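Q: Below is the sequence, then the predicted model.
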Amino acid sequence: MNWTREKAIGHGSSATVYAATCQESGETIAVKSAEFHQSEFLQREAKLLSSMNSPYVIGYRGCEVTKEPLATYNLLMEYAPYGTLADVAAKTILLGLEYVHNSKGIAHCDVKGRNVLVGVNGEAKIADFGCAKRVEPELTEPVRGTPAFMAPEVARGERQGKESDIWALGCTVIEMVTGSPPWVGGDSTDPVSVLYRVGYMGDKGLLGKCLRRDAKERWTATQLLNHPFVTTKPSTEPELETGLVTNSPTSVTDQMFWRSVEEEEDQERPSWWECHEERIGVLSWIGQAVVDPTWDMDGEDWITVRRNND
């Protein structure tokens, strides 16, 4: 395919996405580019994306290497003109996850609003398969994804699979409802707050099915597609069954949401809180030798994170 690179429309940790024009058809496409010597994840994404064909997954248009002046690996994709997901319903995300999980045996590993794009007709499309992997029971790989969207088992360094995507979907619903990423605001100003608050959701509503602490108890994408939150199309904007939506929310993790968390106002924070950047870095370290984190439970109130050599 002959194409002309245009303006940059997105930036990631290792790649930049550009709008481009196909010279033969005039179609606008998206081109995700990285220097060839740093394109391992982009090449893997291209390989996975090329095996998929679903209206709910961003379309694959090809890949090639160019010299400009350095060797550059380019992934050519469908162009989604309306940008990233902020307030689109969860149903099409679930349709995409159902296809990726059941038809392809792949876990996305980085489901979040910024990785769900809106297509020409307003439909949501799962994109950015840079962290994705095939789900194989005997295969152990490094933890991947965004810390604030990670499931408890991922933070513990255990198996990261389809169930982890469902947890991340719950976080994405929070993001859509509140307009902010999860675990931000109030006393939860950094991703490490996930490790303190995580998993205390009651069995209420869609979020209760997604944010179950035990991965085996989480609903699958297929089950969630039959949940009233997804199947019902109310004429007015709904309030979640959990009581998450308030007139003036201060935090997506405030007490009315985490009903089962009991805290004293003067309760001291654990010692690991002060070095949260280092701790969360362990959880999000991608592509290198990983030190598996462990979670030690002191009763039901605290989750303490320690490295193996502490």
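A: Happy to help now that I have it. Keep in mind that what you see is a predicted model, and the values were worked out from it rather than measured.
Q: From here on, just use CA atoms for contacts and neighbour counts.
A: Will do.
Q: and residue 231, how many neighbours?
A: The tally of other residues near residue 231 (other C-alpha atoms under 10 Å) stands at 11.
Q: Starting from residue 96, give me the distance back to the nearest residue to it once chain neighbours are set aside.
A: Distances taken as C-alpha to C-alpha, 6 or more residues apart in numbering put residue 225 closest to residue 231, at 7.0 Å, once the chain neighbours are dropped. Look at residue 225 and residue 96: by C-alpha to C-alpha, to the nearest Å, they are 11 Å apart.
Q: Which parts of the stretch 101-250 of the chain are helices?
A: Using DSSP state H, counting those that start in this stretch, the helices of the stretch 101-250 of the chain run over 152-155, 162-178, 193-197, 205-210, 221-224, 228-231.
Q: Highest mean neighbour count out of these?
A: helix 162-178 (a mean of 24; mean count of other C-alpha atoms under 10 Å).
Q: Select, out of the helices of the stretch 101-250 of the chain, the one closest to residue 52.
A: Nearest of the helices of the stretch 101-250 of the chain to residue 52, taken as C-alpha to C-alpha: helix 162-178 at 16.8 Å.
Q: average pLDDT across that closest one?
A: Throughout helix 162-178, pLDDT has a mean value of 87.
Q: and that helix, what other elements does it pack with?
A: When contacts are defined as 3 or more C-alpha pairs under 8 Å, 6 or more residues apart in numbering; DSSP states H and E, helix 162-178 sits against strand 106-107, helix 205-210.
Q: would you list these in CSV and tack on distance to residue 6 and mean pLDDT?
A: CSV is the format used below for the helices and strands packed on helix 162-178 (distance: least, C-alpha to C-alpha, whole Å; pLDDT from 0 to 100):
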stretch, distance to residue 6, mean pLDDT
strand 106-107, 32, 95
helix 205-210, 39, 83
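Q: JSON lines please, covering these and showing distance to residue 176.
A: Output for those, formatted as JSON lines (distance: least, C-alpha to C-alpha, whole Å):
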{"stretch": "strand 106-107", "distance to residue 176": "22"}
{"stretch": "helix 205-210", "distance to residue 176": "12"}
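Q: To residue 174, which of the ones you listed lies closest?
A: Nearest of the helices and strands packed on helix 162-178 to residue 174, taken as C-alpha to C-alpha: helix 205-210 at 8.3 Å.
Q: what packs against the closest one?
A: The helices and strands touching helix 205-210, judged by 3+ C-alpha pairs under 8 Å, 6+ apart, are helix 162-178.
Q: Which residues outside the helix it packs on are in contact with it?
A: 86-88, 90, 101, 106-113, 135, 149-151, 153-154, 180-182, 206-207, 210-212, 215-216, 218-221, 245, 249, 252 (C-alpha atoms under 8 Å, 6 or more residues apart in numbering).
Q: Please give me every residue in contact with residue 112.
A: Residue 112 touches 149, 168-169, 171-172, counting by C-alpha under 8 Å, 6+ apart.
Q: Please apply the same query to residue 224.
A: Applying C-alpha under 8 Å, 6+ apart, we find residue 224 in contact with 94, 206, 209, 230.
Q: Closest one of the residues you listed to residue 11?
A: For the contacts of residue 224, the nearest to residue 11 is residue 94 (25.5 Å; C-alpha to C-alpha).
Q: Just give me the neighbour total for the nearest residue to residue 122 once chain neighbours are set aside.
A: Sequence neighbours aside, residue 82 is the residue nearest to residue 122 in space, at 7.6 Å (criterion: C-alpha to C-alpha, 6+ apart). Number of residues near residue 82 (other C-alpha under 10 Å) recorded here: 14.
Q: a strand runs through residue 82, doesn't it?
A: No. Applying DSSP: H, G, I helix; E, B strand; the rest coil, one finds residue 82 to be coil, outside a strand.
Q: Quick check: it touching residue 117?
A: Yes. Here residue 82 lies in contact with residue 117, judged by C-alpha atoms under 8 Å, at a distance of 7.2 Å.
Q: distance of the residue nearest to residue 122 from residue 162?
A: From residue 82 over to residue 162 the distance is 27 Å, taken as C-alpha to C-alpha.
Q: Equivalent analysis for residue 95, please.
A: Look at residue 95 and residue 162: by C-alpha to C-alpha, they are 14 Å apart.
Q: what's the answer for residue 222, then?
A: In this view, residue 222 and residue 162 are 12 Å apart by C-alpha to C-alpha.
Q: now swap in residue 132 and tell me
A: Residue 132 is 10 Å from residue 162, by C-alpha to C-alpha.
Q: got any residues that touch both of those two?
A: Common contact partners of residue 132 and residue 162 (C-alpha under 8 Å, 6+ apart): 106-108.
Q: Right, I'll call it a day here.
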